[in-house]
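**Q** Okay, here's the prediction I keep looking at, along with the sequence it came from:
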Amino acid sequence: MRSVMVSVALACGVLCSSSAFGGVGEIDPRGVFFHTFTGPSSGTEWIHIWDIEGERRYRFSDTRGVAPYDGVILPNGQITWDTLPTQSGSGMFTSQDNASQSLVFNGGTFPSTLQRAPGTDATFITRIDSREDGDSSAAGRWGVEIETLDASTGELIESEQTFVTTIVDGDLLRIELDDGTFYQGVFETGTTAGFRVIAPNALAPEFESFVGSETSWSQNLLGDFRMTGDDTFSATMLLHTRRRPAIQNQTVYRFTGSRVPTPGAMGVLGIIGIAAARRRR
């Protein structure tokens, strides 16, 4: 009887205990990450992880698709990339936002760490399978706080209060700052939009810029816009210089916007106040 109990305990310890796999719950690895790698060469870059066809199968790649890795990421965070003639790899997510792995590429071994891009989660838009016309509520004039965040740590570098104008043109959304800076993206739903500008040319169609997406920056762009209420929005813009990862720089801008009232719009409380004043007279 004791041997049966020990066997059951051991089986549960291997299969049931979350501590055996980091104790972080079910991992959703999709999204954008700040990737740091060392080895025969070293550098930093934005990478994204997409789900692909197959059970728990994902694609790990830089924004241009230079050297994608396909493989399996289990719910516990265990990473196993497919073994190919020139590449392979494995690793582990230690939380929803962090992972470490060892990548093999062209005979070299590259220790690698992933930290989720600041201001993002697994739903950050990196590809759009279907486009929709934007809701008119996404257009307007907004007072915004723009936070510049450290790409690797998420720490606040600086913050400014300013204004932006958003323009809805069919399935395109344009965010314009008063200084001429702009970001143009594509609506995935009526109130969410993604931004993707990749140059020089991506190495496969799935990595190309969204048709119609552009920016005033001479950098590559991944971005996500969401209406968070009738009169509020949030957006995160991830930029990186168009250089190889070893000498690439990354920047994060996080926008939090509140609609500027239309001149002459008084709202219900204003109308009630005027009516009360008239009655008092």
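**A** Nice, thanks for sending it over.

**Q** Can you list the low-confidence ranges for the protein?
**A** 1-24, 264-281 (pLDDT under 70).

**Q** and the strand of greatest length in it, which strands flank it?
**A** In the chain, taking DSSP state E as the definition, the longest strand is strand 156-169. Strand 156-169 has the following sheet partners, assigned by DSSP bridges: strand 140-149 (antiparallel), strand 172-177 (antiparallel).

**Q** distance of the closest residue to Pro245 other than its chain neighbours from Ser90?
**A** Spatial nearest neighbour of Pro245, excluding adjacent residues (CB to CB, 6 or more residues apart in numbering): Gly43 at 3.5 Å. For glycine as for every other residue, the C-beta is placed from the backbone atoms N, C-alpha and C. Note on Gly43: its distance to Ser90, by CB to CB, to the nearest Å, is 21 Å.

**Q** Kindly report the same for Val104.
**A** Counting by CB to CB, the gap from Val104 to Ser90 is 9 Å.

**Q** Which one's more surrounded, those two?
**A** Taking other CB atoms under 10 Å, Val104 and Ser90 do not tie; Val104 has more neighbours (18 against 14).

**Q** Beta-bridge partners for that one, please?
**A** Under the criterion used (DSSP bridges), Val104 bridges to Ser88, Thr109.

**Q** so who does it touch?
**A** Gln87, Ser88, Gly89, Phe110 (CB atoms under 8 Å, 6 or more residues apart in numbering).

**Q** Just give me the neighbour total for the last one.
**A** Number of residues near Phe110 (other CB under 10 Å) recorded here: 19.

**Q** picking that back up, hey, which of the strands paired with strand 156-169 is tucked in deepest?
**A** strand 172-177 (a mean of 20; mean count of other CB atoms under 10 Å).

**Q** contact partners of it?
**A** With CB under 8 Å, 6+ apart, strand 172-177 has contacts from 134, 138, 162-167, 182-187, 193, 212, 225, 235, 255.

**Q** all helices of the stretch 1-150 of the chain, in order?
**A** Assigned by DSSP state H, counting those that start in this stretch, the stretch 1-150 of the chain shows helices spanning 2-15.

**Q** my guess is Gly170 contacts Asp135, does it?
**A** No - Gly170 is not in contact with Asp135 according to CB atoms under 8 Å; the separation is 11.7 Å.

**Q** returning to what we had before: in the longest strand of the chain, which of the residues would be classed as buried?
**A** Val164, Thr166, Val168 (16 or more other CB atoms under 10 Å).

**Q** Ok, stretch 88-99 next?
**A** Within stretch 88-99, judged by 16+ other CB under 10 Å, the buried ones are Ser88, Gly89, Gly91, Met92, Phe93, Thr94, Gln96, Asp97, Asn98, Ala99.

**Q** does the fifth one have beta-bridge partners, and which?
**A** Spelled out, it's Phe93. Ala99.

**Q** Look up how far Ser100 lies from it.
**A** The value you get for Phe93 to Ser100, if CB to CB is used, is 9 Å.

**Q** What of the fourth one?
**A** Summarising the geometry, the distance separating Met92 from Ser100, computed by CB to CB, is 7 Å.

**Q** Straight-line length of stretch 37-46, end to end?
**A** When the termini of stretch 37-46 are compared using CA to CA, to the nearest Å, they are 11 Å apart.

**Q** residues making contact with it?
**A** By CB under 8 Å, 6+ apart, stretch 37-46 touches 32-36, 62-63, 103, 108-113, 117, 151-152, 222, 238, 240, 244-248, 250.

**Q** Emit the PyMOL select command for whichever of these are buried.
**A** Under the burial definition 16+ other CB under 10 Å, those of these that qualify are selected in PyMOL by:
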select buried, resi 32+33+34+35+36+62+63+103+110+112+113+117+151+222+238+240+245+248+250
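
**Q** quick one, what contacts Pro29?
**A** Here Pro29 is in contact with Ile49, Tyr58, Ile73, Gly77, Ile79, Phe93, Ala99, Ala122 (CB under 8 Å, 6+ apart).
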